[in-house]
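Undergrad: Pasting the sequence and the predicted coordinates here, then a few questions.
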Amino acid sequence: MPDSLTSTLTSYYDAVPYDSHPFPQSAMEHLEALAFLFGLDAPAPASARVLELGCAAGGNLIPFAARHPESRALGVDLSTVQVAQGVEVIGRAGLSNIELKAFDIAGIDASFGQFDYIVCHGVYSWVPGPVQDAILRICSENLAPNGVAYVSYNVYPGWKAREIVRDAMILRGGPRDTPDEKLSYARGMLEFLEQSARPDSVLKKALDEAMPIVRGANHSYLLHEFLEPFNAPCYFKEFVARADAHGLAYLCDAEPSTMFVQNYGEKVRDPLLRECGGSQVMMEQYLDFLVNRTFRQTLLVKQPNARDIRYRLDPARIRALEFAGSFASEDGAALALDAREQPCRAIRGLSVTLRLPVHKAVAHLLGASYPASMPADALIAAAAKLVNRPVAEIDAAVMAMLEELLILGALRIRRTPVPTATAVSGLPQALTAVRVAPGLALGAGATASACNQWHESVGLTLLERSLLPLLDGTHSHEALAEHLAAEVHGDRLRFMKDDKPLTDPSTVKEFAQQQVALALDALRRKALLTA
């Protein structure tokens, strides 16, 4: 990349640090499971070599390295400011299997070696063409033979309308001096346009779509998404063609439910199946137009592996997966093992109707163990006991249910068990890195969140943060309550009841015991306690 462009991007990212946090859809465990689902056997994340391009302060890469001490992780980013923040967090967490480097992506070559997973989130669309080519070159040349690369980017047609909004924001905000000024003036431009745009105009429709995002997103996101020096969306089909020219093949989307045409209704399914002639890429390009898609998260593999990719799901591979899910009935009632239909809300806010007793048994079992995962065979055996029927009689029904929920996006999958606790033990233990450095997930200075075993950022209350350092498997519930009571008496923590602080020692002790039970259960449900 020319020095002038490098300098422009470096100074922008130093001045406006990118939000550095986990992206669950880019987790190596997730990528491994998706590769397996569609016919490939990707390397095990536990011992994988991982490269992240544009790692910011390491918020997405550091938690992975902490979960898998036998892995090796390398992150590169132009911003020396953000890399320094990440290096500080790595030191606090005591991790020796990860390195962050302030480095120009375009300078990566064969000397860096090969990686089982390459992740490039939030970079491709936001850099000039030569850097885009470098990203795809690295995803080809530095990817291990059976490796998987993840690249996210903005796409048309959805970004056609957003470009109008971006251009208007840059017109007024671009010339200003500081990032805050740029954003303030850009927001003012949009408010003016929103008040003045003709009701039937293209501009008004573009603003109606963009304004909820502009009003709800944080400053960092808006500055990078709408006011960054570069933003070059493309059509999905164009991206796949560019990847193909670099010896890469399309595997799948990081959110696979978007790929299945049956999720869009019969009026869409049948015509597209006829029109696209078995081409998954063409199918998804048509669907992008249908839903006005703005963003993609694409998984790529080496071209020789393309011959083994299967989009018709293999029941044997589904059976070999680990599943996790949560199901709450719409009316709040418990799942009854009868033949009545029971509408439920699943993960991601999806609506699911459970019709058979065996379906309700599976949903109950998954919900009871959530956020821990269950293998298919164990799920089937447990469901058979609940409905008092032989395994052989319900096997096909359960497998069909799992496939349907998987296609819908109402289940989470992994190749190996997610080692999160299904119940709170007498000597509870939290993830080591989270216990040592609670702010790990969000980089330096953040203390209110942590990255859980599903690679999600979860919020932490002050009380939970007070308990975390002691959750090393050696402290009983009573010892934890004594710690909280001592924190209260030392005026480092305050218990309130009826808007008044508790001070009586016996009352504080009893309240502390109650709070320990509640906090530990919350930490378990947040997937922060280990099995």
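TA: Yep, it's here.
Undergrad: which of the residues in the longest strand along the chain are buried?
TA: Among all segments of the chain classified by DSSP state E, the strand with the greatest residue count is strand 143-154. Of the residues in strand 143-154, those buried by neighbour count under the rule 16 or more other C-beta atoms under 10 Å are L143, A144, G147, V148, A149, Y150, V151, S152, Y153, N154. Where you see a C-beta, it was placed from the backbone N, CA and C, and this is true even at glycine.
Undergrad: Adding distance to A363, write those residues out as TSV.
TA: Output for those, formatted as TSV (distance: C-beta to C-beta, whole Å):
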residue	distance to A363
L143	39
A144	38
G147	35
V148	31
A149	35
Y150	30
V151	35
S152	32
Y153	36
N154	36
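Undergrad: low pLDDT regions in the stretch 301-450 of the chain?
TA: 437-447 (pLDDT under 70).
Undergrad: Which parts of it are strands?
TA: For the stretch 301-450 of the chain, applying DSSP state E, counting those that start in this stretch gives strands covering 322-324, 328-329, 342-345, 351-354, 374-375, 412-414, 449-451.
Undergrad: again, but for the stretch 51-200 of the chain
TA: Under DSSP E, counting those that start in this stretch, the stretch 51-200 of the chain gives strands at 72-77, 98-102, 115-120, 143-154.
Undergrad: The last one versus strand 115-120: what angle between them?
TA: Angle of strand 143-154 versus strand 115-120, following axes from the mean of the first three to the mean of the last three C-alpha atoms, to 10 degrees, is 10 degrees.
Undergrad: now swap in the shortest one and tell me
TA: Orientation of strand 98-102 against strand 115-120 (the same axes, to 10 degrees) gives an angle of 50 degrees.
Undergrad: and strand 98-102, what other elements does it pack with?
TA: Other helices and strands packing on strand 98-102, by 3 or more C-beta pairs under 8 Å, 6 or more residues apart in numbering; DSSP states H and E, are strand 72-77, helix 80-93.
Undergrad: So what touches stretch 298-314?
TA: Stretch 298-314 is contacted by residues 31, 34-35, 37-40, 139-140, 143, 145-153, 236, 239-240, 243-244, 247-254, 259, 280, 403, 406-407 when judged by C-beta atoms under 8 Å, 6 or more residues apart in numbering.
Undergrad: Flag the shaky bits of the stretch 1-150 of the chain, pLDDT-wise.
TA: In the stretch 1-150 of the chain, residues with pLDDT under 70: 1-18.
Undergrad: ranges for the helices of it?
TA: Ranges of helices in the stretch 1-150 of the chain, per DSSP state H, counting those that start in this stretch, are 3-15, 28-37, 62-67, 80-93, 129-141.
Undergrad: Adding distance to D180 and mean neighbour count, write these out as a markdown table.
TA: Output for these, formatted as a markdown table (distance: least, C-beta to C-beta, whole Å; neighbours: other C-beta atoms under 10 Å):
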| stretch | distance to D180 | mean neighbour count |
| --- | --- | --- |
| helix 3-15 | 10 | 15 |
| helix 28-37 | 36 | 24 |
| helix 62-67 | 28 | 26 |
| helix 80-93 | 17 | 19 |
| helix 129-141 | 27 | 19 |
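Undergrad: quick one: which of those helices is nearest L321?
TA: helix 28-37 (6.5 Å; C-beta to C-beta).
Undergrad: Alpha carbons of that closest one, as PDB, please.
TA: Provided in PDB are the C-alpha atoms of helix 28-37 (Å, rounded to 0.1, in the frame of the first residue of the first chain):
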ATOM      1  CA  MET A  28     -12.900 -20.600  15.300                       C
ATOM      2  CA  GLU A  29     -15.100 -23.200  17.000                       C
ATOM      3  CA  HIS A  30     -18.000 -21.900  14.900                       C
ATOM      4  CA  LEU A  31     -16.000 -21.900  11.700                       C
ATOM      5  CA  GLU A  32     -14.900 -25.500  12.300                       C
ATOM      6  CA  ALA A  33     -18.500 -26.600  12.900                       C
ATOM      7  CA  LEU A  34     -19.800 -24.900   9.700                       C
ATOM      8  CA  ALA A  35     -17.000 -26.400   7.600                       C
ATOM      9  CA  PHE A  36     -18.000 -29.800   9.000                       C
ATOM     10  CA  LEU A  37     -21.700 -29.200   8.400                       C
END
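Undergrad: same for that helix, what does it pack against?
TA: For helix 28-37, the packing partners by 3+ C-beta pairs under 8 Å, 6+ apart are strand 115-120, strand 143-154, strand 248-253, strand 295-302, helix 315-319, strand 412-414.
Undergrad: so which of the ones you listed comes closest to L203?
TA: strand 143-154 (19.8 Å).
Undergrad: Go ahead and measure how far the closest one is from the middle of the chain.
TA: Distance, stretch centre to chain centre, for strand 143-154: 16 Å (C-alpha atoms, centre = their mean, to the nearest Å).
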